[in-house]
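Trainee: quick one, fold the following:
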Amino acid sequence: MHPVAFVVDFVIIVLASIVTGTVYHIVVFDKYDDLFQYAGIGFITALIFVLVTHARGLYQSQELINANRQIRHIVGLWTITFFFLTAVAFSLKLADVYSRGSAAAFFLVGFTALATGRFAWQYALRAALEQGLFVRRRILAICEEGAPSALACIAELQRYGHTPVSTLTVAGTAIDEDGLQSLVKQAAAVARNFHVDEIVVSMSLNRLALVGQIVEGLRALPLPVRFAVDATTAELILRPAQRLGRTFAFQVQRHPLSFSERVIKRTLDITVALTALIVLSPSMLITAIAIKIDTPGPILFRQLRYGVNGKRFRILKFRSMSVMEDGAHVQQARRGDARVTKVGRIIRERSIDELPQLLNVLRGEMSIVGPRPHAVAHDDQYEELILRYAMRRFLKPGLTGWAQVNGSRGETPTLESMMTRLHYDLWYIDNWSLWLEITIIFRTFISVLNPKDVY
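Mentor: Residues are numbered from 1 along each chain as shown. As a prediction, the model looks like this:
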């Protein structure tokens, strides 16, 4: 663990609570309450956040050096922390002690400060590595001869603060006893002469038998040994596994959600949809009136879409175009599309046109999070072109999704752009969790405030 990062996060959160609470009450009420109240709230919030973050291993230097990955985790951790504290406050009837406005300000300022801190850590750690300020671990690399993956592995080791002092290469897919003994002797000599801290074995997946031989031979050396693999292999071996006698079966494609997972997801859907409808009902009423005044035609647009397991339903949207296409030929909206009305352009920019789908969620046809449903005509077309396309229907379609918060939204003008979206959708299905669900909801809220690729 990097103890300084632990302390810095703690201080940031406590200060954010004190500053936002004080400033909010001065601006709104022209006074401020007891600073110890804000400090106490910040202390509890910070304690929960840093302990959970530490438990997930996010204070390791190799994690702190990747700001984007850190922020993806912080989104979920910070949101979960606030949900937990809000639930506790309501259960203990403490909600009236701390104003909602002050809490909202604390949430936003705290997250912004933590995210900014992660970029500062990334910059500082990379600068320190480049200047040699960290004690670098001396590595002996054992790689397969001529493999590009081995070179990439060595480059990554150097990037993250290791110094490969020597590289031993092995040819072929197996090694005899004499060859193994020779390799171990060479490794021992290098380790002794260069004071090696660790041995890293980098081989492709089709040489696992060779890896086993090498690792067994290296047991003669009193050094830690790691097996380095590429991202694709790591994704496989980190998946859940079931032991079948002496065989291990890795889950490469998960079963649709279990009963308990479906209950959790449905409960979240109903809670979020009802809350959103209550909070956003004035905005939806104003939007409906504006659409009626702007152009003739219905307020809502209904179009056939495929739902879970291919069951069709009619999706609801605020009408944003002068046409209402639904059938075998549906043209995707494009940038500067003349079919979009004046009001339609405004509501599409902030995704307000999607709000009626909250009713689809309550009716059980959609979920808050899931693969975005496309027009039936487009689904039929892509299902013929992309082998695994129909797997998107393992789960209910969503108002938002993993693809959308990762930038794959709007028009899909090429087959490659749709394949990218499919990759995100299938990853979401394979890796579903409540944590991921809440993270996507929060990131959707952020993206609505800063819209891109919406027209």
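Trainee: how does the chain divide into domains?
Mentor: Split into domains by automatic domain parsing, the chain comes to 3-130, 137-250, 259-449.
Trainee: how far does the longest one sit from its chain's centre?
Mentor: On the basis of CA atoms, centre = their mean, to the nearest Å, the separation between the geometric centre of domain 259-449 and that of its chain is 19 Å.
Trainee: do the same with the shortest one
Mentor: Relative to the centre of its chain, domain 137-250 is centred 30 Å away, using CA atoms, centre = their mean.
Trainee: likewise the first one?
Mentor: Here domain 3-130 is found 19 Å from its chain centre; the criterion is CA atoms, centre = their mean.
Trainee: as CSV, the domains of the chain with mean pLDDT and mean neighbour count would be great.
Mentor: The C-beta positions use only the backbone N, C-alpha and C, and glycine is treated the same way. Shown next, in CSV, are those (pLDDT from 0 to 100; neighbours: other CB atoms under 10 Å):
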stretch, mean pLDDT, mean neighbour count
domain 3-130, 82, 16
domain 137-250, 82, 15
domain 259-449, 86, 17
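Trainee: can you tell me the SS state at Arg226?
Mentor: Using DSSP: H, G, I helix; E, B strand; the rest coil, the structure places Arg226 in strand.
Trainee: nope, Val200 is what I meant
Mentor: strand.
Trainee: and if you look at the one 10 residues further on?
Mentor: Put simply, Leu210 is helix when judged by three-state DSSP.
Trainee: do the same with Gly172
Mentor: Using three-state DSSP, the secondary structure recorded for Gly172 is coil.
Trainee: equivalent analysis for Leu58, please.
Mentor: Under three-state DSSP, Leu58 falls in the coil class.
Trainee: remind me which helix or strand the residue nearest to it when sequence neighbours are not counted belongs to.
Mentor: Distance criterion CB to CB, 6 or more residues apart in numbering; nearest residue to Leu58, sequence neighbours excluded, is His73 at 5.7 Å. Using DSSP states H and E, His73 falls within helix 67-91.
Trainee: contact partners of that helix?
Mentor: In this structure, residues lying in contact with helix 67-91 by CB atoms under 8 Å, 6 or more residues apart in numbering are 44-45, 48-49, 52-53, 56, 58, 63-64, 94-95, 97-98, 103, 107, 110-111, 114-115, 118-119, 121-122, 435-436, 438-439, 442-443, 446.
Trainee: same check, this time on stretch 299-315
Mentor: Taking CB under 8 Å, 6+ apart as the rule, stretch 299-315 contacts 288, 291-292, 316-321, 324-326, 330, 356-357, 360, 365-366, 373-376, 379, 390, 393-397.
Trainee: would you double-check that Lys265 falls in a helix?
Mentor: Yes - assessed by three-state DSSP, Lys265 belongs to a helix.
Trainee: going along the chain, name the helices of the stretch 51-200 of the chain.
Mentor: Shown for the stretch 51-200 of the chain, the helices assigned by DSSP state H, counting those that start in this stretch span residues 61-64, 67-91, 100-130, 148-159, 177-194.
Trainee: again, but for the stretch 251-400 of the chain
Mentor: 259-294, 342-349, 357-362, 376-385.
Trainee: and the ones you listed as JSON lines, adding distance to Ile13?
Mentor: Converted to JSON lines, the helices of the stretch 251-400 of the chain look like this (distance: least, CB to CB, whole Å):
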{"stretch": "helix 259-294", "distance to Ile13": "26"}
{"stretch": "helix 342-349", "distance to Ile13": "34"}
{"stretch": "helix 357-362", "distance to Ile13": "33"}
{"stretch": "helix 376-385", "distance to Ile13": "45"}
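Trainee: nearest to Thr247, of those helices?
Mentor: Nearest of the helices of the stretch 251-400 of the chain to Thr247, taken as CB to CB: helix 259-294 at 26.9 Å.
Trainee: ok, the nearest residue to Val272 once chain neighbours are set aside - contacts?
Mentor: Nearest-residue entry for Val272: Ile368, 5.0 Å, with adjacent residues in sequence omitted and distances by CB to CB, 6+ apart. The neighbours of Ile368, taking CB under 8 Å, 6+ apart as the test, are 268-269, 272-273, 361, 398-400, 437, 441.
Trainee: and the gap between Ile368 and Tyr382?
Mentor: Distance of Ile368 to Tyr382, computed by CB to CB, to the nearest Å: 24 Å.
Trainee: do you know which of the helices of the stretch 51-200 of the chain lies nearest Ile13?
Mentor: That would be helix 100-130 among these, by CB to CB, at 5.7 Å.
Trainee: show me what that closest one is packed against.
Mentor: Taking 3 or more CB pairs under 8 Å, 6 or more residues apart in numbering; DSSP states H and E as contact, the helices and strands that helix 100-130 lies on are helix 3-29, helix 35-55, helix 61-64, helix 67-91.
Trainee: and the ones you listed as TSV, adding distance to Leu223?
Mentor: Output for these, formatted as TSV (distance: least, CB to CB, whole Å):
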stretch	distance to Leu223
helix 3-29	27
helix 35-55	28
helix 61-64	20
helix 67-91	29
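Trainee: looking at these, which is closest to Phe227?
Mentor: helix 61-64 (16.6 Å).
Trainee: nearest spatial neighbour of Phe65, skipping sequence neighbours?
Mentor: If you look again at residue 65, you'll see it is Ile, not Phe. Excluding its sequence neighbours, the residue lying closest to Ile65 (CB to CB, 6+ apart) is Leu125, at 4.6 Å.
Trainee: Glu261 reaches Trp432, doesn't it?
Mentor: Yes - using CB atoms under 8 Å, Glu261 is in contact with Trp432, at 7.0 Å.
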